[in-house]
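In: got a sequence here, can you build the structure:
(chains A and B)
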Amino acid sequence: DAGITQSPRYKITETGRQVTLMCHQTWSHSYMFWYRQDLGHGLRLIYYSAAADITDKGEVPDGYVVSRSKTENFPLTLESATRSQTSVYFCASSDAGGPNQPQHFGDGTRLSIL
Amino acid sequence: AQKITQTQPGMFVQEKEAVTLDCTYDTSDPSYGLFWYKQPSSGEMIFLIYQGSYDQQNATEGRYSLNFQKARKSANLVISASQLGDSAMYFCAMREYVTGNQFYFGTGTSLTVIP
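Out: Take a look at the predicted model:
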């Protein structure tokens, strides 16, 4: 089915571990985004990508790494997880071409770091 | 400075009544888009409505309309004839064109519809 899918939906891990959140979209959208959502902060942008092999930092990039070797995939890696990275993570995609293009979101990954 | 400001953390509305959720924005980009998203308790983010900076008329989508006042830099969401299923978090967002195509989100408004 067309759309944007995130995996896993839920993840529990320990501090210091590396964890990768996957994001896959089937629309061939140019732009992809990673957000974290925490109470009182709304959605905060971690990283975004305008095209394959082009990534840029958002508001809260520290502790995260992204890559985009293919247009459809945009994995987010926590290299050494910390408790402060416990959050709900959303991936989104958007077509290029102007400010009239909305973002379409995945269902989110709920990540708990113990 | 905040790009998007939503000043109402929580709102209540009686079923079948209309409700307005406030959103103000800040940009110097002449070309931008304004969006509203709904996040029900199940967690997904649902796109509701879009307004472009050059649009002359207010956007409407079914029971949703966007009250766009460019000079005041406000983009309020109006939900008419509220239903119980409208209870959710609502986020206002802006996409700037010239300055990088990033999206900026407000902190959201929690709407509760009372039967």
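
In: below-threshold pLDDT in chain B: ranges please.
Out: Within chain B, the ranges that satisfy pLDDT under 70 run B:99-100.

In: can you list the residues of it near chain A?
Out: Counting by Cβ under 8 Å from any Cβ of the partner chain, the positions of chain B adjacent to chain A are B:31-33, B:35, B:37, B:43-45, B:47, B:50, B:52-53, B:91, B:93, B:95-97, B:100-103, B:105-108. No exception for glycine: its C-beta is placed from N, CA and C like everyone else's.

In: buried subset of the residues you listed, written for PyMOL?
Out: PyMOL command restricting the residues of chain B next to chain A to the buried ones, with burial defined by 16 or more other Cβ atoms under 10 Å in any protein chain shown:
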select buried, chain B and resi 31+32+33+35+37+45+50+52+53+91+93+95+96+97+101+102+103+105+106+107+108
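
In: in strands, which of the residues of chain B next to chain A fall?
Out: With strands identified by DSSP state E, the entries of the residues of chain B next to chain A that belong to them are B:32-33, B:35, B:37, B:47, B:50, B:52, B:91, B:93, B:95-96, B:103, B:105.

In: tell me which parts of chain A are close to chain B?
Out: On the criterion Cβ under 8 Å from any Cβ, chain B has as its neighbours in chain A the residues A:31, A:33, A:35, A:40-43, A:45, A:48, A:50, A:56, A:58, A:88, A:90, A:92, A:94, A:96, A:98-105, A:107-108.

In: OK, contacts around the spatially most central residue of chain A?
Out: Nearest to the geometric centre of chain A sits A:Trp34, at 2.8 Å (Cα atoms, centre = their mean). Remark: with contacts taken as Cβ atoms under 8 Å, 6 or more residues apart in numbering or on different chains, A:Trp34 is in contact with A:21, A:23, A:45-48, A:58, A:64, A:66, A:74, A:76, A:89-92.

In: which residue packs closest to it, ignoring adjacent ones?
Out: Distance criterion Cβ to Cβ, 6 or more residues apart in numbering or on different chains; nearest residue to A:Trp34, sequence neighbours excluded, is A:Ile46 at 4.4 Å.

In: what's the helix or strand for the one you found?
Out: Element membership for A:Ile46, per DSSP states H and E: strand A:42-51.

In: quick one: buried residues of that strand?
Out: Judged by neighbour count (16+ other Cβ under 10 Å), strand A:42-51 contains these buried residues: A:42-43, A:45-50.

In: so what does that strand touch, helix or strand wise?
Out: In this structure, strand A:42-51 makes packing contacts with strand A:31-38, strand A:54-57, strand A:64-66, strand B:103-105, judged by 3 or more Cβ pairs under 8 Å, 6 or more residues apart in numbering or on different chains; DSSP states H and E.

In: distance check, the nearest residue to A:Arg83 once chain neighbours are set aside against chain B.
Out: Of all residues not flanking A:Arg83 in the chain, A:Ile113 sits nearest, at 5.2 Å (Cβ to Cβ, 6+ apart). Relative to chain B, A:Ile113 is positioned 19 Å away (Cβ to the nearest Cβ, to the nearest Å).

In: right, and A:Ile113 touches A:Thr86 too?
Out: Yes. Under the criterion of Cβ atoms under 8 Å, A:Ile113 lies in contact with A:Thr86, with a separation of 4.8 Å.

In: quick one, which of these two is more surrounded?
Out: More neighbours surround A:Ile113 than the other of A:Ile113 and A:Thr86, with 19 against 16 (other Cβ atoms under 10 Å in any protein chain shown).

In: tell me the pLDDT of that one.
Out: According to the per-residue confidence, A:Ile113 scores 97 in pLDDT.
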